[in-house]
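Q: Below are the sequence and a predicted model for it; my questions follow.
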Amino acid sequence: MQRCAEREGCCERCEGPLPFAFTMAFQPIVDLASASITTYEALVRGPAGESAASILDQVTPRLLYRFDQACRIRAIQLASRLGMRESLSINFLPNAVYEPTACIQATLAISEQVGWPAERLVFEVTEIERVQGQHLRNIIEAYRNMGFKTALDDFGNGFANLDLLVELEPDRLKIDRALVMHCDSDTRRQAILRAVVTLARELDVDLVAEGVETRAEALWLARGGITQQQGFFYARPGLEALTHGLEPTLATLQRAI
């Protein structure tokens, strides 16, 4: 297999320690249809819970590849240590993936080391506006062939919009908070979300509503067919911790749908 190092020195930029420390927080994604947590999203944080921005501000272009690899490894290590049985969703930067098959090797190695199955890994695409369509398509196709799932983050906001679905075939679309907020009372948002549900069914893509903050939003979304949800209404990200005790809330919501 051709290493990235043979192509403009990429692997050299992936190797070695980072000049700063970081860790991960985990936020659950629930499915009200089954009243269960299905996935945890890994979110970068400082060692004492400092914001993601405080860490990302330290990621220079030279450290981009190394940081992306380190995030994947750290997320899988922590998820395994915490005994996670749900799927694990990891954000990745497309421009930090020079060649999908080569750049996934560290992820495959740590997954094998801790016994993490490929089918329980989801890669969320972020910062889509900075990547060429062909490159992103190559990544998604390569990951699918390796057994991973992929998701487009922030769908409906900025660059994560309909034109991407002409050529890309992700497994999930994560609907941005901008469309989710006040969806229980805002008729324009309701019309758009109904159209997104129809689109997703036609394309055979799962939907996840991000940023759910109220019971009314949760119920309107679920009754409209968007049962997979994530947000502060359910749980804030837990620093190196999983969420416990959601079952009664999820069961109550399921009965109310």
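A: Received it, and whenever you're ready, just let me know what you need.
Q: need the helices for the stretch 151-257 of the chain, in chain order.
A: Along the stretch 151-257 of the chain, counting by DSSP state H, counting those that start in this stretch, helices occupy 164-167, 177-180, 187-203, 215-223, 247-256.
Q: Could you list the low-confidence segments of the stretch 151-257 of the chain?
A: The model of the stretch 151-257 of the chain has pLDDT under 70 over residues 158-161.
Q: Now the closest residue to Glu119 other than its chain neighbours: which helix or strand?
A: The spatial neighbour of Glu119 that comes closest, neighbours along the chain excluded (CB to CB, 6 or more residues apart in numbering), is Gly147 at 5.4 Å. C-beta here means a position set from N, CA and C on the backbone, and glycine is covered the same way. Gly147 is part of no helix or strand, with elements assigned from DSSP states H and E.
Q: Out of the helices of the stretch 151-257 of the chain, which is closest to Asp57?
A: helix 177-180 (22.3 Å; CB to CB).
Q: Report all helices and strands that that closest one contacts.
A: helix 187-203 (3 or more CB pairs under 8 Å, 6 or more residues apart in numbering; DSSP states H and E).
Q: returning to that earlier point: looking at the helices of the stretch 151-257 of the chain, which is closest to Ala52?
A: Among the helices of the stretch 151-257 of the chain, helix 177-180 comes nearest to Ala52, with 15.5 Å by CB to CB.
Q: Give the buried residues for the closest one.
A: For helix 177-180, burial by neighbour count (16 or more other CB atoms under 10 Å) applies to 177, 179-180.
Q: got the contact list for the helix or strand encompassing Glu112?
A: Per DSSP H and E: Glu112 is located in helix 105-114. The contact list for helix 105-114, computed with CB atoms under 8 Å, 6 or more residues apart in numbering, reads 1, 14, 69, 72-73, 76-77, 80, 116-118, 121, 146.
Q: residue ranges for the strands of this protein, please.
A: When secondary structure is read from DSSP state E, the chain shows strands at 23-31, 36-45, 87-92, 121-125, 149-155, 172-175, 206-209, 228-229, 238-239.
Q: What is the third one packed up against?
A: Under the contact criterion of 3+ CB pairs under 8 Å, 6+ apart, the helices and strands touching strand 87-92 comprise strand 36-45, helix 64-81, strand 121-125, strand 149-155.
Q: Partner strands of it, with direction?
A: Strand 87-92 has the following strand partners under DSSP bridges: strand 36-45 (parallel), strand 121-125 (parallel).
Q: how much distance is there from that strand to the middle of the chain?
A: 5 Å (CA atoms, centre = their mean, to the nearest Å).
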